[in-house]
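J.: coords please:
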Amino acid sequence: MTSKPDATQRLSDLARLRRVRDRIDREYASPLDVEALARGAHMSSGHLSREFRLAYGESPYSYLMTRRIERAMALLRRGDLSVTEVCFAVGCSSLGTFSTRFTELVGVPPSVYRRQSAQATAGMPSCLAKQVTRPIRNREAQVTRSQLA
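T.: Below is the predicted model:
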């Protein structure tokens, strides 16, 4: 049986983790790292990383990069910015890291995505295009034809 102070501490930790996640969602384009996020939540970086992974299924850094890539996808669909401009607009400081992570999550490099997305989402409302093109972490949710049959 869980004691009352343990349950209270767990709820407090979950509230802090939610604030960290909300901060990442708001400030994804800012220079954020796990150390800064941990300081803001009054936790050690190791404790934050462990608890965040338990609560959300991925590390704070992975969550941050996914938010950045989602925003980058939207900017690339617009078509008025170069890949380099998009990279820096979403808070990445390395074009190589951005391109690698983008390719891991989306399946194609940002330049290819930019060309293909303009055709694939033409005439589609932006709210629907965002849902249809959302990156799938670790490719865990892909459905194959054999699963549909």
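J.: separation between Asp22 and Tyr63?
T.: With distances defined as CB to CB, to the nearest Å, the gap from Asp22 to Tyr63 amounts to 11 Å. C-beta here means a position set from N, CA and C on the backbone, and glycine is covered the same way.
J.: ok, now how distant is Glu70 from Thr8?
T.: Counting by CB to CB, the gap from Glu70 to Thr8 is 34 Å.
J.: Need the residues that contact the longest helix seen in the chain.
T.: Scanning the chain for the helix with the most residues, using DSSP state H, yields helix 4-27. With contacts defined as CB atoms under 8 Å, 6 or more residues apart in numbering, helix 4-27 is touched by 32, 37, 40-43, 48, 51-52, 55-56, 60, 63-64, 67.
J.: list the buried ones in that helix?
T.: Of the residues in helix 4-27, those with enough neighbours to count as buried (16 or more other CB atoms under 10 Å) are Asp13, Arg16, Leu17, Val20, Arg21, Arg23, Ile24.
J.: Please pull up the helix or strand immediately following that helix.
T.: Once helix 4-27 ends, the next helix or strand along the chain (criterion: DSSP states H and E) is helix 34-41.
J.: Just give me how far stretch 104-121 sits from the chain centre.
T.: The chain centroid and the centroid of stretch 104-121 are separated by 17 Å, computed with CA atoms, centre = their mean, to the nearest Å.
J.: State the mean pLDDT of it.
T.: What stretch 104-121 shows for mean pLDDT is 86.
J.: got the CA coordinates for it in CSV?
T.: C-alpha atoms of stretch 104-121 as CSV (Å, rounded to 0.1, in the frame of the first residue of the first chain):
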residue,chain,number,x,y,z
GLU,A,104,14.5,9.6,-38.6
LEU,A,105,11.0,10.8,-37.7
VAL,A,106,9.5,11.6,-41.1
GLY,A,107,11.2,9.1,-43.3
VAL,A,108,12.6,11.5,-45.9
PRO,A,109,15.1,14.4,-45.7
PRO,A,110,13.6,17.9,-45.2
SER,A,111,14.4,18.9,-48.8
VAL,A,112,12.5,15.9,-50.2
TYR,A,113,9.6,16.5,-47.7
ARG,A,114,9.4,20.1,-48.8
ARG,A,115,9.0,19.1,-52.5
GLN,A,116,6.6,16.2,-51.8
SER,A,117,4.4,17.9,-49.2
ALA,A,118,3.5,20.8,-51.5
GLN,A,119,1.8,18.3,-53.9
ALA,A,120,0.4,15.9,-51.2
THR,A,121,-1.4,18.6,-49.2
